[in-house]
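Give the three-dimensional model of this entry:
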Amino acid sequence: MDVSKSIRLCVDSGKVKLGSKNALKLALRGEPKLLIVASNTPRETVNDVKKAALDSGVPVLNFVGTGLDLGRACGKPFIVSVLAVLEAGDSDILQAVNK
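Okay, here's the model as predicted:
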């Protein structure tokens, strides 16, 4: 599975929210099906997001690339530190967590 391609398909055909603040709010309510965190996200932000995800039972996928790489995977011309997947659409991104 190519995670970047799966992310792009998810962004195009599903429902996602970009950014750590949005992801944190959604994770506290347990809404996302998956949170994807870029490798260079600040440690404090990662800790907050992962704690909220753990408390709500939301799986977290550590993206191998930087925020710029995650932004590119989303088809955006800016840095994306955290991506909240609400609906996967035609993507198989949710299967990446099961591996």
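
Can you give me the buried ones in the longest strand along the chain?
Longest strand in the chain, counting residues (DSSP state E): strand 82-87. Going by neighbour count (16 or more other Cβ atoms under 10 Å), the buried part of strand 82-87 is V82, L83, A84, V85. Heads up, the C-betas are built off the backbone N, CA and C, glycines and all.

any chance of the residues you listed in CSV, with pLDDT and distance to D92 too?
Putting the buried residues of strand 82-87 into CSV (pLDDT from 0 to 100; distance: Cβ to Cβ, whole Å) gives the following:
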residue, pLDDT, distance to D92
V82, 97, 20
L83, 96, 15
A84, 97, 17
V85, 97, 12
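
Can you tell me which of those residues comes closest to L24?
Using Cβ to Cβ, V82 is the member of these that sits closest to L24, with 7.8 Å.

in what helix or strand does the most centrally placed residue in the chain lie?
Centroid-nearest residue in the chain, with Cα atoms, centre = their mean: I36, separated by 2.4 Å. Under the criterion of DSSP states H and E, I36 resides in strand 34-37.

Next SSE downstream of that strand?
Following strand 34-37 in sequence order, the next helix or strand is helix 43-56 (DSSP H and E).

so what does that next one touch, helix or strand wise?
helix 20-29, strand 34-37, strand 60-62 (3 or more Cβ pairs under 8 Å, 6 or more residues apart in numbering; DSSP states H and E).

In this protein, where is pLDDT below threshold?
Residue ranges of the chain with pLDDT under 70: 98-99.

gap between the closest residue to V64 other than its chain neighbours and V11?
Spatial nearest neighbour of V64, excluding adjacent residues (Cβ to Cβ, 6 or more residues apart in numbering): S39 at 6.2 Å. Applying Cβ to Cβ, to the nearest Å, the value for S39 to V11 is 19 Å.

neighbour-wise, which of the two wins?
For S39 and V11, the more surrounded residue by other Cβ atoms under 10 Å is V11, and the numbers stand at 21 against 14.
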